[in-house]
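**Q** after the sequence you'll find the predicted model.
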Amino acid sequence: KIMATILAPQGDTNVSIFDPSAGSGTLLMNLAHAIGANNCTVYSQDISQKSSNLLRLNLVLNGLVHSIGNVIQGNTMTDPYHKEGQQLRKFDYIVSNPPFKLDFSDDIEKLGASSNKDRFFAGLPNVPKKAKDKMAIYPLFIQHIMFSLSRKGKAAIVVPTGFITAQSGIEKRIREKLVEEKMLTTPASIFSS
């Protein structure tokens, strides 16, 4: 509700809202209610079929039936679904609580393809040698979200505390771009869990 209250404008109409790791859609439902169910179209993608089915049910229960066809089960990082022509679709609002750690080691080669160079501008996370399931995946989601925002788009993302304090690597490069491109309105707009 806090994220939705911060993002949602008064009187905005005909806007698109997106979550690239939607789960059952709690963040999307809160944002849709803040904007108004008739004023927005919901888009989502999640790797879990069960979560995608729950989100479809949530859309029905929350008066957003018009968005059911936009709920996609699939891997947002390797196969982003929502496009306009050959380009990734740009959204007006994005909310996300992406997975912080997940084994994406089998996908590193595909993610590192030249076609993803602009989307993953800050680089790819390292694959741990032993505990591959502890691979830090959230920096990929943050970069994907930044790439998927419309020119006047706004996003709210839950990040681990380490993102705010990292002094090097992907996290630092992401923060630098956020500042350089004036994607932050104020330092107070950054929250961490």
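**A** Nice, I can see it. Every value quoted in this text rests on a predicted model; they were computed, and no experiment measured them.
**Q** which residues touch the closest residue to Leu27 other than its chain neighbours?
**A** Spatial nearest neighbour of Leu27, chain neighbours left out: Val95 (4.1 Å); criterion: C-beta to C-beta, 6 or more residues apart in numbering. In short, each C-beta sits where N, CA and C put it, glycine included. Val95 sits next to 3-4, 7, 17-19, 27-28, 30-31, 155-157 when contact means C-beta atoms under 8 Å, 6 or more residues apart in numbering.
**Q** which element is Val95 on?
**A** Element membership of Val95 [criterion: DSSP states H and E] is strand 91-96.
**Q** swap in Ser16?
**A** strand 15-19.
**Q** each with direction, which strands does that strand pair with?
**A** Based on DSSP bridges, the pairing partners of strand 15-19 within the sheet are strand 40-46 (parallel), strand 91-96 (parallel).
**Q** can you redo those strands as a markdown table with mean pLDDT?
**A** Below are these laid out as a markdown table (pLDDT from 0 to 100):
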| stretch | mean pLDDT |
| --- | --- |
| strand 40-46 | 97 |
| strand 91-96 | 96 |
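**Q** any chance of those in TSV, plus distance to Val179?
**A** Rendered in TSV, the data for these read as follows (distance: least, C-beta to C-beta, whole Å):
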stretch	distance to Val179
strand 40-46	28
strand 91-96	19
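**Q** tell me which of those strands lies nearest to Val71.
**A** Shortest distance between Val71 and the strands paired with strand 15-19, using C-beta to C-beta, is found for strand 40-46: 5.2 Å.
**Q** what does the closest one contact?
**A** By C-beta under 8 Å, 6+ apart, strand 40-46 touches 12, 14-23, 25, 28, 31-32, 52, 55, 59, 64, 66-67, 70-74, 76, 80-82, 89, 91, 93.
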